[in-house]
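[1] here is my input, please return the structure:
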Amino acid sequence: MLEIERKFLVKNTVIDALNTIQPIRIIQAYLINEKFKSVRIRISNDRAFLTIKNAATGITRKEFEYEIPKNEAEDIIQTFDLKVLNKERYQIIYNSKLWEVDVFGGILTGLVLAEIELHAEDEKIELPEWIDKEVTHDASYLNANLINRL
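    Prediction:
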């Protein structure tokens, strides 16, 4: 499956919108975290996933995702003593498009990013007023790189 995604920093005004939404609590860790590929374990509330991604070409990359038992995901994280990235994800519909706003915890507290998945790289979107700077092409904002700050 192809993932076409843009990523943005957000303004503090998004907090008002988030206060009315129940977040998804996300824990994720990486089994492989290299420049051209990653293999990640993600626990989202009561579900868990194994995700494999390659390096992006433009804003597109291949992504393979498989649901796995939550207890096995927890066991993998513990067995391999993996660093864990914690965040709360809020889903906001704006102009019929799903925006995912991630509020990071721990050492990354204060970092808030918004992502939108597209059908094509040149797809036109209207940005909500709470969107700030685009960081799609700044690799330091990839989760695979953020986890290295922990």
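
[2] tell me which element residue 3 falls in.
    strand 2-10 (DSSP states H and E).

[3] who are the packing partners of that strand?
    Strand 2-10 sits against strand 60-68, strand 112-117, strand 131-134, with contacts defined as 3 or more C-beta pairs under 8 Å, 6 or more residues apart in numbering; DSSP states H and E. All C-beta atoms are positioned from the backbone trio N, CA, C, and that covers glycine.

[4] with respect to residue 20, which of those strands lies nearest?
    Closest approach to residue 20 among those is made by strand 112-117 (16.1 Å; C-beta to C-beta).

[5] tell me the strands beside that closest one, with direction?
    strand 2-10 (antiparallel), strand 97-104 (antiparallel) (DSSP bridges).

[6] longest helix in this protein, please.
    In the chain, with assignment by DSSP state H, the single longest helix is helix 70-79.

[7] after that helix, which helix or strand is next?
    Heading C-terminal from helix 70-79, the first helix or strand you meet, by DSSP H and E, is strand 85-94.

[8] adjacent strands (with direction) for that next one?
    strand 24-33 (antiparallel), strand 97-104 (antiparallel).

[9] quick check: buried residues in the next helix or strand after the first one?
    Just to be clear, that refers to strand 24-33. The helix or strand immediately downstream of strand 24-33 is strand 37-44, counting by DSSP H and E. For strand 37-44, the buried set under the neighbour-count rule, 16 or more other C-beta atoms under 10 Å, comprises 38, 40-43.
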